[in-house]
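[1] Any chance you can model this:
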Amino acid sequence: MIKKISHIMMWGQDLEKVSKWYKEKLGFSVGYYAPNEFLSMKHPEMGRMDFHATVTTGQI
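    Have a look, this model is predicted:
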């Protein structure tokens with residue numbers, strides 16, 4: 001089992017859904033959120049996880 005995370009960066013299509021899942025299922029809290037761009041989440045024991053929004057066709 002993972003005891004501590006220093007920093008992991010992942011991609012997500014819907015950062016609102018990502019935030020909700022990590023809060024409800026794993027006990028993370030939001031550290032910083034820029035809608036449709038970037039989400040940083042913190043956990044008191046596991047550390048930090050960051051998410052960048054993926055760009056889907058038609059967004060550019």
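[2] Going by secondary structure, residue 31 is in what exactly?
    Element membership for residue 31, per DSSP states H and E: strand 29-34.
[3] Pull the CA coordinates from that strand and hand them back as PDB.
    Taking Å, rounded to 0.1, in the frame of the first residue of the first chain, the C-alpha atoms of strand 29-34 are listed here in PDB:
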ATOM      1  CA  SER A  29      -9.000  18.000  -0.400                       C
ATOM      2  CA  VAL A  30      -8.600  20.600  -3.100                       C
ATOM      3  CA  GLY A  31      -5.500  22.800  -2.700                       C
ATOM      4  CA  TYR A  32      -5.900  24.800  -5.900                       C
ATOM      5  CA  TYR A  33      -8.300  24.700  -8.800                       C
ATOM      6  CA  ALA A  34      -8.300  26.500 -12.200                       C
END
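[4] for it, packing partners?
    Packing contacts for strand 29-34, counted by 3 or more Cβ pairs under 8 Å, 6 or more residues apart in numbering; DSSP states H and E, involve helix 15-26, strand 38-43. Every C-beta, even on glycine, is put in place using the N, C-alpha and C of the backbone.
[5] most tightly surrounded among those?
    Neighbour counts (mean count of other Cβ atoms under 10 Å) averaged over each of those peak at strand 38-43, with a mean of 18.
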